[in-house]
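Peer 1: sequence first, predicted coordinates after that:
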Amino acid sequence: MSSVSKLSLIKREGQVYSFLLEGVDDAFANAIRRVLLAHVPTLAVDDAIFHKNTTSFYREYIAHRLSLVPLRTEMSPQELVKNYYEPTAQALLQFKASEEGLKEGKKVVYASELKFEADGSVATPHPKIPILELSSGQSVEIELTAKMGTGKQHAKWQPVSACTSFRYPIIEISGDCGDDCSKCAEACPTGALGFKDGSLVVVDPLSCTLCGACVEACPGMISVRGDENRHVISFELNGQMDAKTLMVTALEILNKELLNISSQLEALAHEKKSDES
Ligand code: SF4
Ligand code: SF4
């Protein structure tokens, strides 16, 4: 395997990012995917003290819903790496709601009521997440502590809601297709193939799933394979941090872990040499 030669952002749709990793094999790309998903630390509610709860929802239910609300993590990659090894960062929050503003006897309370105690700002980038519904005379008041953790411990700490890694699709068309033929494009379930000025073209290589339906539709004229040295890593951010901070932190953690294993192997080799001499 050659070393990682290039990492580039090749697509962004809303909060869904796709990076192209060149010069890595399947195992290395998958290792990065797993670190992105399960090892980059984030903040999430982990303790709740209920001062009041006259709603019709159990305390456990409310605490669980609040713990799944993504919280902003204004930390640098260096601070995040530090918190991966020693999760010390914490934040105090409040969640308060009363019957004020009830409409037709009901009121939905959103994550926008989850506020940092220090400055009273809304703690989540997703303030429209519904938490509970209040009826007349009901209210809730909770003091919460958010702690650092990783997706490996619980999904509430995952910085991404999905993370995939696949070989970059190489689609090759050999020969002259002639006019009025579109069998392969019609067979393609993802719209990766299309026509430009009457000629068959690959319109969206990233949407190709390597299913082979186009090859079946026209054996011999079209071939599809995944590039073993180029991988696409795609993820959807949950909102705790930006994509660059996430990727840099993941690579830094993976690098540290590999260096750690490498130094342990060196120590073992040294020990073996000493035993033999
Ligand atoms: S690759 Fe085959 S099916 Fe596709 S346009 Fe060309 S001839 Fe038709
Ligand atoms: S392999 Fe499947 S997804 Fe890819 S271009 Fe062919 S039909 Fe479309």
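Peer 2: Structure received. Numbering: from 1, shown residues only. Ligands and ions are numbered 1, 2, ... in the order given.

Peer 1: phi first, then psi, for the closest residue to Gly198 other than its chain neighbours.
Peer 2: The spatially closest residue to Gly198, leaving aside those adjacent along the chain, is Asp179, at 7.2 Å (Cβ to Cβ, 6 or more residues apart in numbering). In short, each C-beta sits where N, CA and C put it, glycine included. When read as degrees, to the nearest 10, the backbone of Asp179 gives phi -90, psi 160.

Peer 1: same check, this time on the one 3 residues further on
Peer 2: Backbone torsions for Ser182, taken as degrees, to the nearest 10, come to phi -140, psi 20.

Peer 1: what is Cys163 paired to in the beta sheet?
Peer 2: Phe235 (DSSP bridges).

Peer 1: how confident was the prediction at it?
Peer 2: We note a pLDDT of 96 for Cys163 in this prediction.

Peer 1: distance of it relative to ligand 2?
Peer 2: 21 Å (Cβ to the nearest ligand atom, to the nearest Å).

Peer 1: how much space between that residue and Ile233?
Peer 2: Cys163 is 7 Å from Ile233, where distance means Cβ to Cβ, to the nearest Å.

Peer 1: shared neighbours of these two, anything?
Peer 2: 33, 36 (Cβ atoms under 8 Å, 6 or more residues apart in numbering).

Peer 1: distance from stretch 114-132 to the middle of the chain?
Peer 2: 21 Å (Cα atoms, centre = their mean, to the nearest Å).

Peer 1: what helices or strands is the one helix or strand Val109 maps to leaning on?
Peer 2: For Val109, the host element (DSSP states H and E) is strand 106-110. In terms of contacts (3 or more Cβ pairs under 8 Å, 6 or more residues apart in numbering; DSSP states H and E), strand 106-110 is packed against strand 130-135.

Peer 1: following the strand it packs on, which helix or strand shows up next?
Peer 2: The first helix or strand that comes after strand 130-135 along the chain, using DSSP H and E, is strand 140-149.

Peer 1: the residue nearest to Gly198 contacts Leu200, doesn't it?
Peer 2: No - the criterion here is Cβ atoms under 8 Å, and Asp179 misses it with Leu200 at 11.2 Å.

Peer 1: which one's more surrounded, those two?
Peer 2: Leu200 (21 against 6; other Cβ atoms under 10 Å).

Peer 1: make sure that one is indeed in a helix.
Peer 2: No - counting by DSSP: H, G, I helix; E, B strand; the rest coil, Leu200 falls outside a helix, being strand.

Peer 1: ok, it to Ala185 distance?
Peer 2: As judged by Cβ to Cβ, Leu200 and Ala185 stand 7 Å apart.

Peer 1: shared neighbours, the two?
Peer 2: Common neighbours of Leu200 and Ala185, counting by Cβ under 8 Å, 6+ apart, are 193-194.

Peer 1: residue nearest the centroid of this protein?
Peer 2: Residue closest to the mean C-alpha point of the chain, counted by Cα atoms, centre = their mean, is Val160 at 2.0 Å.

Peer 1: just the pLDDT at that residue, thanks.
Peer 2: 97.

Peer 1: correct me, but Arg71 touches Ala89?
Peer 2: Heads up, residue 71 is Leu, not Arg. No - using Cβ under 8 Å, Leu71 is not in contact with Ala89; the gap is 11.1 Å.

Peer 1: run a quick neighbour tally on the nearest residue to Gly23 once chain neighbours are set aside.
Peer 2: Among residues not flanking Gly23 along the chain, Ser5 sits closest, at 3.8 Å (Cβ to Cβ, 6+ apart). Ser5: 10 surrounding residues under other Cβ under 10 Å.

Peer 1: wait, Ser5 sits on Asn229?
Peer 2: No - counting by Cβ under 8 Å, Asn229 is not a contact partner of Ser5; they are 9.1 Å apart.

Peer 1: and for the two, which residues touch both?
Peer 2: Overlap of the contact sets of Ser5 and Asn229 (by Cβ under 8 Å, 6+ apart) consists of 22-23.
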